[in-house]
Each structure stands twice: as C-alpha cells, then as structure tokens.
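In: I need the structure of the sequence given here:
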Amino acid sequence: MRLVTYQGHTGPRVAALRDGDCIDLNQADPSLPACIKRFLALGPEAIRRAQAAIEGGKPVPVGQCRLLPVIPAPEKVICVGLNYADHARETGATPPSDPIVFSKFPTAVCGHGDDIVLPRASRQVDYEAELVVVIGRAGKNIGPSEARNYIAGYCCGNDISARDWQIQKPGGQWLLGKSFDTFAPIGPALVTADELPDPANLHIQLRLNGQVMQDSYTSQLIFSIEQLIAYVSQVCRLTPGDLLFTGTPGGVGFIRKPPVFLTPGDVVEVEIQRIGVLRNRVVAE
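Out: Okay, the predicted model is just below:
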C-alpha cells in the first residue's frame, strides 16, 4: 500500500493511492484515523482494514489534492552519517565501529514537489539520496531481531546539507547545517513494510538535472536498518511517524573535483527501486 498525506478542510489527512487517485481512508472507513501517525500506530490491522476501505472509497485525482509531506510533523528526524561503504571509500574515512547519528529539526521536513530553498546564509548546499525508514510502533531498547516489527514503511529522502556550516563552522555545526527549512524532503509516498519485505538490496540513485550523481544499492549499508533501530532505541523511545534517514551512498557534491553544489533552478530526483521518485526544484531564499 502507498500512503500520502493531503491537506483536507479539517487539516492533514491520510490517503491511500490507487491508480493515480487518492482514497481518503477515514472517509471510506470512519473507524480509521485521519492522522497518518495514529493510523500507523494501529499496525498491520490498519493495513487490513484500509485495503477493504480502498475498494469502496471515493477516488479523487491526485492532481486535485494538495499533498503534504508523507509525515507532516514527525516527532524525531534521526539521521545516520557515513553508513555506505562506497561513501566511506570516497571520503577516505575508516568505516565507523558504531553508527554516527545526528538529527534534523522536524521543521526541515518538506514533501515531494516542494521547493528546496537555498538559504542566504550558505553557499555550499549539497544533496544526499537516502532510504528513509518510517517507524510505526512505539518502543525502546528494541533488539535487532525485533526491529522489523517496528517499521511502518519506507520512502525516499534527501538529506540536504549546508557543507560550509557542517564542516567549516567552529566545532562543526552538523545540526544547524542539516536543519535549514526544506532540508529534509521525503516522499513521494510511504510504501508500507508488507510491500517491501527486503529493503537490503534496493537500487538507489540521485539525479541532478537529469545527470546521475549517486548510483548504488542499499546492500552497501555498513549498519543494517535493524542495527540502526536497535542502536538508537537504546537512547530514546521511538514513536509512530519518527523518520530514520539511513545514510547516503558515494557521489555527493562536496567530494567531487571540482565540488558540485545546488544552484537555483536545479531539479533533484531521488529514485529508489520499488519506492518511486522524489523530485524537488531548487530555489533561492
């Protein structure tokens, strides 16, 4: 099942995609929540009920819906650095013994088709294609063998990064360099975990104005999704709708010679096998 969030008259509402149409799940079955985070918290039972609701729901063409980020207000946006073997090689870094974890402000999240806004405060804004895991159940101290039970689904993500803030500021301002508004595009839809039982060998690609810049597979992950969930959940309780950006493959802009940074008018596409294409245009602030 592919889920989106759209702007309804009463606020953000969860819908399923069917043949290019949106089916409002709460309208089709009032026992289902209108909020996507509450919907995901119901677990597999929600998917079963939603499948029945889709058949009888009223279709609305996607083009008539104002789509929002798949998860419009995540509680946490957790990110992992240096988690692809090919990216570690291109940076000359030794693969870490533990995951390198940082975060973005939730206000950085934007959706498929939204503009990536280049801030006046940065001149070195970079792209990073990533597989994003969406948490569906609350939990803490989750074991790796249980981690899959806490995954609601997956989407494409782009960990936009102001390298001059991340690298050149005193102490390295990772949080601020990664958290400018619009620096966490996600989409185009959430593909539920039942449709993607093995995310460990998916083709992942980033194109900048049609040119392939990153081209890899999630089999290059140094730490698996299960390991990441277990590691992070030692520290904080994960909740439905939390986003886990799992790392980026080789080919990022600041490593290239000469470096490649985003400029106004660019179109950035992140495509992940069986998930779809996340597309965003770049504009100046």
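In: going forward, measure contacts between C-alpha atoms and count neighbours the same way
Out: Fine.
In: Can you tell me the closest non-neighbouring residue to the residue lying farthest from the centre of the chain?
Out: Largest separation from the mean C-alpha position in the chain: Gly56, at 29.9 Å (C-alpha atoms, centre = their mean). Excluding its sequence neighbours, the residue lying closest to Gly56 (C-alpha to C-alpha, 6 or more residues apart in numbering) is Ala28, at 6.6 Å.
In: got the CA positions of the one helix or strand in the chain whose mean pLDDT sits lowest in PDB?
Out: None of the helices or strands of the chain scores lower by mean pLDDT, DSSP states H and E than helix 85-91, at a mean of 85. This file holds the C-alpha atoms of helix 85-91, laid out as PDB (Å, rounded to 0.1, in the frame of the first residue of the first chain):
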ATOM      1  CA  ALA A  85      30.800   1.500   2.200                       C
ATOM      2  CA  ASP A  86      31.200   3.400  -1.100                       C
ATOM      3  CA  HIS A  87      30.700   6.700   0.600                       C
ATOM      4  CA  ALA A  88      33.300   5.800   3.200                       C
ATOM      5  CA  ARG A  89      35.800   5.000   0.500                       C
ATOM      6  CA  GLU A  90      35.300   8.200  -1.400                       C
ATOM      7  CA  THR A  91      35.800  10.300   1.700                       C
END
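In: Quick check: what element follows it along the chain?
Out: Helices and strands here follow DSSP states H and E; after helix 85-91, the next one along the chain is strand 100-104.
In: Each with direction, which strands does the helix or strand that comes right after that following strand pair with?
Out: Next helix or strand after strand 100-104 toward the C-terminus (DSSP H and E): strand 109-111. If you go by DSSP bridges, strand 109-111 pairs up with strand 184-192 (parallel).
In: Would you mind listing the outside residues contacting the very next helix or strand once past the partner strand?
Out: Going down the chain from strand 184-192, the next helix or strand is strand 203-208, by DSSP H and E. Contact partners of strand 203-208, identified using C-alpha atoms under 8 Å, 6 or more residues apart in numbering, comprise 128-131, 212-218, 266-273.
In: Report the buried residues of strand 203-208.
Out: Neighbour counts over strand 203-208 (16 or more other C-alpha atoms under 10 Å) mark Ile204, Gln205, Leu206, Arg207, Leu208 as buried.
In: Can you tell me which of those comes closest to Ile36?
Out: Among the buried residues of strand 203-208, Ile204 lies closest to Ile36 (C-alpha to C-alpha), at 25.7 Å.
In: and the nearest residue to that closest one once chain neighbours are set aside, how many neighbours?
Out: Spatial nearest neighbour of Ile204, excluding adjacent residues (C-alpha to C-alpha, 6+ apart): Ile272 at 4.5 Å. Neighbour count for Ile272, taken as other C-alpha atoms under 10 Å: 24.
In: What does Glu226 show for phi and psi?
Out: When read as degrees, to the nearest 10, the backbone of Glu226 gives phi -60, psi -40.
In: Would you mind confirming that it is in contact with Ser145?
Out: Yes. Between Glu226 and Ser145 there is a contact under C-alpha atoms under 8 Å: 7.2 Å.
In: Compare the two (neighbour count), which wins?
Out: Shown here are Glu226 and Ser145; by other C-alpha under 10 Å, Glu226 has more neighbours (18 against 10).
In: Spit out the contact partners of that one.
Out: Contact partners of Glu226, counting by C-alpha under 8 Å, 6+ apart, are Pro144, Ser145, Glu146, Ala147, Arg148.
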